[in-house]
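Asker: Based on what follows, work out the 3D shape:
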Amino acid sequence: MSYPGYPSSGYPAYPQTDGQPAYPQAGGQYPYPGAPGGGYPGSAGGAAYPQGPGGAYPPAGGGAYPGGAGGAYPAAGGGAYQGGAGGSYPHAPGGSYPQVPGGGYPQAPAGGYQQAQAGGYPQAPAGGYPQAQAGGYPQAPGWPGQGAAGTYPAAPSGGYPTPPGNQPAYGASGAGYPTYPAGPGGTAPAPGGVPGYGTPGYGGPTQPSGQSYGGGVPPSGGYGSGPAPSQPSMPNIGGLSLGGGMQGTIKPVGNFNPQSDAEILRQAMKGAGTNEQAIIDVVANRSNDQRQKIKLAFKTLYGKDLIKDLKSELTGNMEEIIIALFKPTTYYDAWSLRKAMEGAGTQDRVLIEILCTRNNQQIRDIVSCYKLELERDLEKDLQKDTSGHFRRLLISMIQGNRDETQTVDMQKATADAQRLFNAGEGKLGTDESTFNMILATRSFPQLQATVHEYGKMAKRELLKAIDREFSGDVRDGMHAIVQCVANRPTFFAEKLYKAMKGAGTSDSTLIRIIVTRSEIDLVQIKQAFWERYQKTLRSMVESDTSGDYKRMLVSIIGN
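Answerer: So this is what the prediction gives:
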């Protein structure tokens with residue numbers, strides 16, 4: 001230990017030693033404290049501390065200790081008595097205590113000595129405690145690094161610089177250390193992940209902009225040495241507003257005049273030849289509702305049926321896409337279903353594309369239109385043209401009775417995931433009815449949660465489980481439902497790619513999807529197409545089509 005400094009408020013409390021009181025009674029003498037072994041601490045062999053010159057304390061730390069008047073203690077100045085080497089008392093020359101000063105020690109003040117200040121004895125000066133190891137105390141784990149003597153370094157003058165972009169300032173008022181970046185919803189991202197489509201956003205229909213079914217993700221831990229593989233930059237997709245809902249490429253035109261448009265179409269078809277570009281300019285830039293008004297205005301102005309005139313002037317795929325655009329949306333779906341089932345064979349992919357992707361109201365409108373406009377019963381036609389579990393799935397779909405609640409019951413999602421596992425991978429054989437019941441009745445947000453829970457539980461994507469348990473049309477139908485749950489634009493982007501891939505083009509599929517999605521989510525389909533295939537939908541259409549038909553498609557697709 002070392003002498004404490006004298007605080008400005010007075011003498012410190014005298015430590016009790018060998019049963020002696022903290023302070024002597026008023027008018028008494030200070031007894032010398034006993035030392036272990038009978039010697040003064042730090043003296044060799046317990047030798048006595050020698051008397052200093054004149055009976056005063058000996059010189060300390062290389063200099064004389066300033067004496068008070070008459071040999072009394074000097075006034076307290078708050079300074080600390082210089083310790084000896086290693087933090088001990090300095091050795092006294094000669095080895096004995098000094099004599100009591102002449103006149104004795106000063107009398108204690110009336111009322112006794114002042115008690116020690118709050119907080120106990122003053123702290124020992126530097127050097128009194130064991131010296132820290134070289135380089136300071138051990139570095140604390142974590143970040144940021146410590147500064148000298150085991151403390152964190154001070155922030156730069158003026159605080160830390162403003163972070164780039166929209167990142168919040170570091171610490172309080174931008175002067176502290178940065179915190180771990182928050183993940184979606186304000187929480188740190190969870191480690192690892194599970195198979196499937198990622199953590200779902202259960203509350204809404206919009207999908208993550210970067211979501212796709214494969215590729216585009218660097219390996220865990222980043223790329224190896226050398227430059228990372230270059231990725232083509234995403235083109236400017238016309239109409240895309242990040243963070244918004246679904247968007248079509250065709251929107252109602254402002255200052256719409258159906259009579260003027262009807263006159264333009266009449267002039268384009270009048271006389272020898274046809275001005276296809278004038279037809280494209282009008283039809284590709286009007287909404288479906290506006291086109292119906294143009295049809296009515298045409299008949300009002302000229303007493304003729306616009307559709308019949310267009311059919312007489314156009315041929316092939318150009319005729320098909322123009323007529324499709326002038327059909328009311330619901331009627332076009334009903335007409336497409338009927339066309340897929342009439343004649344020899346059935347185009348099951350058309351039935352899946354329409355019935356497994358529409359919402360309740362759209363399904364009910366299609367069933368009603370099929371009956372009123374086509375004078376047929378859709379359920380009876382499906383019973384006749386399909387079979388087995390695929391027929392059961394489609395019959396379930398056309399009831400238009402899917403739960404459309406937007407809230408998610410996580411307990412039900414977990415229970416449904418377990419039921420699907422037990423009905424498929426968890427048993428010998430497959431219970432198709434369980435798959436049909438869950439996929440046909442649960443809301444899309446609820447199914448999204450179920451798909452996620454299935455991946456966590458089974459360590460396998462639900463799509464892959466369906467591939468293992470089913471085949472043929474029923475597998476394709478269930479695939480369509482699950483893919484639309486995960487990302488509806490990507491489902492349609494895949495259909496468009498397959499329609500143009502390889503030799504030949506499925507123009508009916510190309511026309512049907514472009515027309516039916518042009519006012520709903522074609523902007524997001526274009527984005528998904530780029531993310532999935534690293535080429536634009538427009539460029540692939542341009543390379544696979546030609547003439548007026550190509551110009552019409554490109555006008556609808558946009559940039």
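
Asker: Skipping adjacent residues, who's closest to V451 in space?
Answerer: L462 (5.0 Å; Cβ to Cβ, 6 or more residues apart in numbering). Heads up, the C-betas are built off the backbone N, CA and C, glycines and all.

Asker: ditto for T414
Answerer: Closest to T414 by Cβ to Cβ, 6+ apart is E453, at 5.0 Å.

Asker: okay, and for the stretch 101-250 of the chain, where does confidence drop off?
Answerer: The stretch 101-250 of the chain contains residues with pLDDT under 70 at 101-244.

Asker: repeat that for 80
Answerer: When residues are selected by pLDDT under 80, those of the stretch 101-250 of the chain lie in 101-246.

Asker: Next secondary structure after whichever strand or helix holds the residue nearest to T414?
Answerer: Assessed by DSSP states H and E, E453 sits inside helix 444-458. Note on helix 444-458: by DSSP H and E, the next helix or strand toward the C-terminus is helix 462-469.

Asker: May I see the buried residues of that following helix?
Answerer: L462, L463, A465, I466, E469 (16 or more other Cβ atoms under 10 Å).

Asker: Just to check, the residue nearest to T414 is in contact with A413?
Answerer: Yes - taking contacts as Cβ atoms under 8 Å, E453 lies within contact range of A413: 4.9 Å.

Asker: right, and out of the buried residues of helix 462-469, which lies closest to D348?
Answerer: I466 (16.2 Å; Cβ to Cβ).

Asker: That closest one is in contact with D476, isn't it?
Answerer: No - in this structure, I466 is not within contact of D476 by Cβ under 8 Å, at 9.7 Å.

Asker: Now the helix or strand harbouring L301: average pLDDT?
Answerer: Assessed by DSSP H and E, L301 sits inside helix 288-302. Helix 288-302 shows a mean pLDDT of 98 in the predicted model.

Asker: one step back: could I get the helix holding E453 in PDB with only the CA atoms?
Answerer: What follows is helix 444-458, C-alpha atoms only, in PDB (Å, rounded to 0.1, in the frame of the first residue of the first chain):
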ATOM      1  CA  PHE A 444     -52.700 -17.900 -50.500                       C
ATOM      2  CA  PRO A 445     -51.100 -16.200 -47.400                       C
ATOM      3  CA  GLN A 446     -52.000 -19.300 -45.300                       C
ATOM      4  CA  LEU A 447     -50.500 -21.600 -47.900                       C
ATOM      5  CA  GLN A 448     -47.400 -19.500 -48.100                       C
ATOM      6  CA  ALA A 449     -46.900 -20.100 -44.300                       C
ATOM      7  CA  THR A 450     -47.600 -23.800 -44.800                       C
ATOM      8  CA  VAL A 451     -45.000 -24.100 -47.600                       C
ATOM      9  CA  HIS A 452     -42.500 -22.400 -45.300                       C
ATOM     10  CA  GLU A 453     -43.300 -24.600 -42.300                       C
ATOM     11  CA  TYR A 454     -43.100 -27.700 -44.500                       C
ATOM     12  CA  GLY A 455     -39.600 -26.700 -45.600                       C
ATOM     13  CA  LYS A 456     -38.500 -26.300 -41.900                       C
ATOM     14  CA  MET A 457     -40.000 -29.600 -40.900                       C
ATOM     15  CA  ALA A 458     -39.200 -31.900 -43.800                       C
END
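
Asker: What lies in contact with stretch 431-439?
Answerer: Contact with stretch 431-439 is made by 389, 392-393, 396, 416, 419-420, 422-424, 447, 450, 466, 469-470, 474, 478, 481-482, as judged by Cβ atoms under 8 Å, 6 or more residues apart in numbering.

Asker: Check which residues of it are buried.
Answerer: Neighbour-count burial for stretch 431-439, counted by 16+ other Cβ under 10 Å, picks out D431, E432, T434, F435, N436, I438, L439.

Asker: between these, which is closest to D377?
Answerer: Using Cβ to Cβ, the buried residues of stretch 431-439 come closest to D377 at N436, 21.6 Å.

Asker: helix or strand for the closest one, which one?
Answerer: Following DSSP H and E, the helix or strand that holds N436 is helix 432-441.

Asker: Same check on N487?
Answerer: Per DSSP H and E: helix 472-500 holds N487.

Asker: Summarise which helices and strands that helix is packed against.
Answerer: helix 348-355, helix 388-397, helix 432-441, helix 444-458, helix 462-469, helix 507-517, helix 522-533, helix 537-544 (3 or more Cβ pairs under 8 Å, 6 or more residues apart in numbering; DSSP states H and E).

Asker: The third one versus helix 388-397: what angle between them?
Answerer: What it means is helix 432-441. In terms of direction (axes from the mean of the first three to the mean of the last three Cα atoms, to 10 degrees), helix 432-441 departs from helix 388-397 by 30 degrees.

Asker: And the closest residue to A284 other than its chain neighbours, how far from I322?
Answerer: Excluding the flanking residues, the one nearest A284 by Cβ to Cβ, 6+ apart is S555, at 3.8 Å. Distance, S555 to I322, by Cβ to Cβ, to the nearest Å: 12 Å.

Asker: Same check on S508?
Answerer: Counting by Cβ to Cβ - S508 and I322 are separated by 14 Å.

Asker: cool, and A528?
Answerer: Taken as Cβ to Cβ, the span from A528 to I322 is 27 Å.

Asker: One more: E461?
Answerer: 41 Å.

Asker: just K371 next, same as before
Answerer: Counting by Cβ to Cβ, the gap from K371 to I322 is 27 Å.

Asker: Looking at those two, which has the bigger crowd around it?
Answerer: Neighbour tally, K371 and I322, criterion other Cβ atoms under 10 Å: the higher count belongs to I322, 25 against 14.

Asker: Confirm for me that the more buried one is in contact with T315.
Answerer: No - the pair I322 / T315 is not scored as a contact, 10.6 Å apart, by Cβ under 8 Å.

Asker: what's the closest non-adjacent residue to M457?
Answerer: Nearest to M457 is A417, by Cβ to Cβ, 6+ apart, at 5.4 Å.

Asker: what do you get for L463?
Answerer: That would be V482: by Cβ to Cβ, 6+ apart, it lies 5.5 Å from L463.

Asker: Any idea how many residues pack against the one you found?
Answerer: The burial count for V482: 24, using other Cβ under 10 Å.

Asker: same deal with C356?
Answerer: Residue crowding around C356 was assessed by other Cβ under 10 Å; the count is 22.

Asker: next one: G245
Answerer: G245 has 10 nearby residues by other Cβ under 10 Å.
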